[in-house]
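In: Next come a sequence and a model predicted from it.
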Amino acid sequence: MADFTRISVADANALIEKGPVTIADIRDEASFNAGHINNAQHLDNTNTQDFIDGSDLDQPLIVVCYHGNSSQPASVFLADRGFDDVYSLDGGFTEWAATFPEKCSASGATE
């Protein structure tokens, strides 16, 4: 079984700023559309293989869920599929949004 690293929001932010980094958000589509880390890609069961096929497996990958729990098995899954440098975001999007609200965006949101 491949490995991953848990990463704090502060360390994830530093990694993202150093770039390039792939960010995979595994929350449901409505939650993703309501708000996500800038430049994150929505990842679910319908697009997983396309995501893997279209990704640079050598680039760091940060997996994001709501609170940092579901992202851990997803990180193992993605590491097992060839990603070399996989991180699970501790605290998930909830902590990210509280810490870096200016680094969040929405897609498909209506006012």
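Out: Received it, and whenever you're ready, just let me know what you need. Numbers count the residues shown, from 1 in each chain.
In: R27 and G68 touch, don't they?
Out: No. Counting by CB atoms under 8 Å, R27 stays clear of G68, with 11.6 Å between them. In this view, the C-beta of every residue, glycine as well, is placed from N, C-alpha and C.
In: And the helices in the protein?
Out: Taking DSSP state H as the criterion, the chain contains helices spanning 9-18, 29-34, 48-53, 71-80, 92-99.
In: tell me which residues of the second one are tucked away?
Out: Going back to what we said before, that points to helix 29-34. F32, A34 (16 or more other CB atoms under 10 Å).
In: likewise the first one?
Out: Neighbour counts over helix 9-18 (16+ other CB under 10 Å) mark V9, A12, N13, L15, I16 as buried.
In: Could you export the helices of the chain as TSV, including distance to H42 and mean pLDDT?
Out: TSV is the format used below for these (distance: least, CB to CB, whole Å; pLDDT from 0 to 100):
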stretch	distance to H42	mean pLDDT
helix 9-18	17	98
helix 29-34	4	96
helix 48-53	9	97
helix 71-80	13	97
helix 92-99	12	98
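In: so which of those comes closest to V86?
Out: helix 71-80 (4.4 Å; CB to CB).
In: what residues does the closest one touch?
Out: 1-4, 6, 24, 26, 43, 52, 61, 63-65, 86-89, 92 (CB atoms under 8 Å, 6 or more residues apart in numbering).
In: Mind checking which of those residues land in strands?
Out: The members of those that map onto strands under DSSP state E are R6, A24, L61, V63, V64, V86, Y87, S88, L89.
In: Out of these, which comes closest to S31?
Out: Using CB to CB, the ones in strands among the contacts of helix 71-80 come closest to S31 at V64, 10.6 Å.
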